[in-house]
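>>> quick one, structure for this:
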Amino acid sequence: MKNQKRMNQGYEIIQSTQVSENKEIVLGYNPKSKFFVCWVCFNKTNYNWGDYSEDPNDVTETYFKRILDK
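Residues are numbered from 1 along each chain as shown. Model prediction:
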């Protein structure tokens, strides 16, 4: 069985960290728009509080801040 890419709104989820039972912080990349995003995701399907940027360093910083803040 082939590994499915996890997608949301055209963004491929490229990294995720589970911070509680039903909550994770995710990084995504949209190759068409060249934008990166960091979301808080609930139950692997409910994506909230997107932080978008063309600079991967910006969203990576948000990603780690959100992990630490849980």
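>>> show me where this protein has strands.
Counting by DSSP state E, the chain has strands at residues 7-8, 11-20, 23-30, 35-42, 46-53.
>>> what would those look like in JSON lines with mean pLDDT, distance to residue 66 and mean neighbour count?
All C-beta spots, glycine's among them, are computed from the backbone N, C-alpha and C. Below are the strands of the chain laid out as JSON lines (pLDDT from 0 to 100; distance: least, Cβ to Cβ, whole Å; neighbours: other Cβ atoms under 10 Å):
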{"stretch": "strand 7-8", "mean pLDDT": "97", "distance to residue 66": "16", "mean neighbour count": "14"}
{"stretch": "strand 11-20", "mean pLDDT": "97", "distance to residue 66": "8", "mean neighbour count": "15"}
{"stretch": "strand 23-30", "mean pLDDT": "98", "distance to residue 66": "5", "mean neighbour count": "20"}
{"stretch": "strand 35-42", "mean pLDDT": "98", "distance to residue 66": "6", "mean neighbour count": "21"}
{"stretch": "strand 46-53", "mean pLDDT": "97", "distance to residue 66": "8", "mean neighbour count": "14"}
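>>> got those strands as TSV, with distance to residue 67 columns?
Output for these, formatted as TSV (distance: least, Cβ to Cβ, whole Å):
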stretch	distance to residue 67
strand 7-8	18
strand 11-20	5
strand 23-30	5
strand 35-42	10
strand 46-53	13
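>>> figure out which of these is closest to residue 59.
Among the strands of the chain, strand 35-42 comes nearest to residue 59, with 4.4 Å by Cβ to Cβ.
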